[in-house]
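Peer 1: Next one to model:
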Amino acid sequence: MSALDHPLIDRFLQALWLEKGLSANTRSSYRSDLTHFHGWLHERGIGLTGVSREALGDHLAWRLDQGYNARSTARLLSGLRGFYRFLLREGVIAEDPTLLVEQPRLGRSLPQSLSEADVEALLAAPDLDEPLGLRDRAMLEVLYACGLRVTELVSLTLEQLNLRQGVVRVFGKGSKERLVPLGEEAVHWLERYLREGRAALLAGRPSDVLFPSRLGEQMTRQTFWHRIKRHARVAGIAKHLSPHTLRHAFATHLLNHGADLRSVQMLLGHSDLSTTQIYTHVARTRLQELHARHHPRG
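Peer 2: Here you go, the predicted model:
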C-alpha cells in the first residue's frame, strides 16, 4: 500500500458498489480523484478527515491556477460530496466541508459542426451504383434536411413518410411526435432510393423499415455511425464527427440563413428552448453581421 492509499477511500468505494452498483470505471475515476486530493492534502500536512471548507477552497483555487477544466473539477466535487457525506453518516467526521461549496459552472459549448461545403462533400460520398450507396445517400439527405437524431432516423418506417406532402412524421424522445418538412433534395433522393435501392436490399423479405440493413432489418445506431465515418473519409473530412454532427449542421445552417431559434427548436424536437440556446451565439453572430452590413452606422 502506498502512502497515498487510504482505508477510508476503500470503505467509501466499497459502499458505493454495494449501495449504488456503480461501474468499475466510475469507481476508478472516484478513486483517482480522491487519491489525488489526498496527495495534495498530504503535502500540506492535512488529513482527509481534517479538511476545512477553507482548505477545500484552497484546493479548488489551486486547480484553477493549474489549468484544470471546470468539468473535471465538477467531477471531483461530486466525488468529494459523496465521500464526506459517507464519512458524516459513518460518524467519522462531525461536519461536511463540502457544504455551501458551489459547483463550477459548466458552460454548454456548441458542438462541432460542418461547413456547408463539408456537408455537400459528405452527401456526395456514397457510391450510387450500389443499393447501399443509394440508401446511405438518402439517409444522409434526410438527416441533414430534417435535423433528426440518429435513433429517429434508423427507426423510420414507410408509413411515417409522406412524399406527396414532403414531410416525415418523427417520434422523438418520450414518443413526442413532430412533423418535419423534407425539402426537395431529400424527397428526390428518397424517391430514387425507394425506386432503385430498397427492394434490392430487402431481396424479397417483408419489412416496413424505411432504411433496412443488409439483413433486411432495422439498422443500429452504431452501424449507421460507422457508415458516416466511412463516407467522411471518402469525402476527405478530417474534422472530429459525432453521431449528431449533421443535426448540429442542420441547426447552424438554418440559423445562418435566417431561421429563428423558436422554429429551430420545433424542428429539432427540443421540449425546452433552453436546450436550443446552445445555438444562440450562431444567431447573435449572424445578426451582428447583418447589422454591420446594412445599418447606416454599422
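Peer 1: quick one, strands of the stretch 151-298 of the chain?
Peer 2: Assigned by DSSP state E, counting those that start in this stretch, the strands in the stretch 151-298 of the chain fall at 161-162, 167-171, 177-181.
Peer 1: what's the pLDDT at residue 294?
Peer 2: The model reports residue 294 with a pLDDT of 60.
Peer 1: Could you do residue 231 as well?
Peer 2: So, for residue 231, pLDDT stands at 93.
Peer 1: close enough to count as contact, it and residue 124?
Peer 2: No: using CB atoms under 8 Å, residue 231 is not in contact with residue 124, being 9.1 Å away. To be clear about C-beta, it is placed using only N, CA and C from the backbone, and glycine gets the same treatment.
Peer 1: about what we covered before: in terms of mean pLDDT, which of the strands of the stretch 151-298 of the chain ranks lowest?
Peer 2: strand 177-181 (a mean of 88).
Peer 1: So what touches that one?
Peer 2: 145-148, 166-172, 266-267, 269 (CB atoms under 8 Å, 6 or more residues apart in numbering).
Peer 1: Next: stretch 36-48.
Peer 2: Defining contact as CB under 8 Å, 6+ apart, one finds that stretch 36-48 is touched by 3-4, 6, 8-9, 51, 55, 59, 62, 76, 80.
Peer 1: Recalculate using a threshold of 10 Å.
Peer 2: Outside stretch 36-48, the residues that touch it by CB atoms under 10 Å, 6 or more residues apart in numbering are 2-9, 34, 50-52, 55-56, 58-59, 62-63, 76, 79-80, 83-84, 87, 92-93.
Peer 1: And for stretch 6-18?
Peer 2: 1, 22-24, 26-28, 30-31, 33-35, 37-38, 42, 47-49, 79, 82-87, 89-90, 92-93.
Peer 1: Pull out the buried residues from those.
Peer 2: 22, 26-27, 30-31, 33-34, 37-38, 48, 79, 82-84, 86-87, 93 (16 or more other CB atoms under 10 Å).
Peer 1: among those, which are in helices?
Peer 2: Within the buried ones among the contacts of stretch 6-18, residues falling in helices by DSSP state H are 26-27, 30-31, 33-34, 37-38, 79, 82-84, 86-87.
Peer 1: Now render those as CSV, adding pLDDT.
Peer 2: CSV is the format used below for those (pLDDT from 0 to 100):
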residue, pLDDT
26, 78
27, 79
30, 85
31, 88
33, 90
34, 90
37, 91
38, 91
79, 87
82, 87
83, 90
84, 90
86, 90
87, 91
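Peer 1: how about residue 96, what does it touch?
Peer 2: Residue 96 touches 51, 53, 80-81, 83-89, counting by CB under 10 Å, 6+ apart.
Peer 1: try it again with 6 Å
Peer 2: The contact partners of residue 96, taken as CB atoms under 6 Å, 6 or more residues apart in numbering, are 84, 88.
Peer 1: State the pLDDT value of the residue sitting furthest away from the middle of the chain.
Peer 2: No residue in the chain sits farther from the centre than residue 45, which is 41.7 Å out by CA atoms, centre = their mean. Residue 45 carries a pLDDT value of 90.
Peer 1: And for residue 273?
Peer 2: 58.
Peer 1: Could you do residue 3 as well?
Peer 2: At residue 3, pLDDT is 44.
Peer 1: and the residue nearest the centre of the chain, how far is that from residue 115?
Peer 2: The residue lying closest to the centre of the chain (CA atoms, centre = their mean) is residue 244, at 6.7 Å. Residue 244 sits 16 Å away from residue 115, going by CB to CB, to the nearest Å.
Peer 1: same thing with residue 55?
Peer 2: Residue 55 sits 48 Å away from residue 115, taking CB to CB as the criterion.
Peer 1: Return the mean pLDDT over stretch 61-74, rounded to an integer.
Peer 2: Averaging pLDDT along stretch 61-74 gives 79.
Peer 1: Next, the distance between the ends of that stretch.
Peer 2: 13 Å (CA to CA, to the nearest Å).
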